Each structure stands twice: as structure tokens, then as C-alpha cells.
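In: Build me a model from this:
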Amino acid sequence: MTSTRHRIKQNKMAKILVLHGPNLNLLGQREPQIYGSDSLRDINTRLQQQCAAAGHELDALQSNSEGALIDRVQQARSDGTAFMIVNFGGFTHTSIALRDAVLAAEIPCIEVHLSNLHKREAFRHQSYFADIAIGAIVGLGPQGYELALQAAFERVPV
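Out: From the prediction side, this is the model:
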């Protein structure tokens, strides 16, 4: 009986936030040779199922607006979010304001990119989040999100 209680204690639900940046709403339609054929809905559905199976809660947001992403990161500071998985798209290479919001949130995160940024244009090689994220998964397509979520499960506080 004691071991059951202990196991329940360890399986505390964590809230995980997935943020998708600009143009990711076009996944499955835009440049499938680079980004694949899965839609954002397909990706989020799999993440939701993976989270539910692990006993955690998932919240996902896609926005083409830098301000909306900043607002959501700031909200995460006080809404119980334990971990973030972020793919800020083009903002990865341009947004100091979004970087500052992630730093201020003080919530661990993993950076995900569907394509291998290092095989693409030189301007995509720089990430304003690489040095503040726990890690980065690039070039594995939609599977990168699933791997990031598995890593998050191991790192959320229990």
C-alpha cells in the first residue's frame, strides 16, 4: 500500500506549454520538402495524447505575432506552467524581446525546429534561445516535438 501512495505522489500532473511561432500554422501546406506534410493540428494532437498518457497537461499556442507569444510566456510565469517547448520560427533569429521574456519567465525550455537550421541559410544558424534552453532538437521533423516532450517529462518537478 505504501508503494502505491509513493507512486501516486511521483505522478503529479505538470503543465507543459508548447509555443509555435510565425508561419507554423501553414505546416503541411508550406514547403513540405522542408517542413514535412504533418499539419500543426496533427502535431498538437499527438503531443496532447502523449501528455495525457503520461498524466500531464498540455497547452499549445501558435501565433504569428511576437507580442502574443511574449504575452503567453509572461502568463506562464504565474499559471503553473512547469516546462516549455518552443519553436519560435523566424523569431528564433531576430527576437531579443522574446528571449528576454523567456529569461524572465524562469521556466525551463527546450527549443525545437523541424528543419536542420545548420543546413540552411547562414542567418538561420544563429538562435537567440540556444544558450538559455536546456537543449535543442533540430532537423527531425515533427518527431522533434515528441522527443522534446519525453525529455520534458523527465525534467518536470514532481
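
In: Give me the nearest residue to residue 115, chain neighbours excluded.
Out: residue 34 (5.1 Å; C-beta to C-beta, 6 or more residues apart in numbering). Every C-beta, even on glycine, is put in place using the N, C-alpha and C of the backbone.

In: Check which helix or strand that neighbour maps to.
Out: Using DSSP states H and E, residue 34 falls within helix 32-35.

In: what does that helix rub up against?
Out: Residues outside helix 32-35 that contact it (C-beta atoms under 8 Å, 6 or more residues apart in numbering): 27, 114, 115, 141.

In: For it, what is the distance to the chain centroid?
Out: 19 Å (C-alpha atoms, centre = their mean, to the nearest Å).

In: taking the mean pLDDT, what do you get for it?
Out: The pLDDT scores in helix 32-35 average 76.

In: Going by contacts, tell me the helices and strands next to the next helix-or-strand element following it.
Out: Later in the chain than helix 32-35, the nearest helix or strand by DSSP H and E is helix 40-54. If you count contacts as 3 or more C-beta pairs under 8 Å, 6 or more residues apart in numbering; DSSP states H and E, helix 40-54 packs onto strand 15-20, strand 57-62, helix 143-155.

In: Sheet partners, orientation included, of the first one?
Out: Right, the one you point to is strand 15-20. strand 57-62 (parallel), strand 81-87 (parallel) (DSSP bridges).

In: Okay then, goodbye and thanks.
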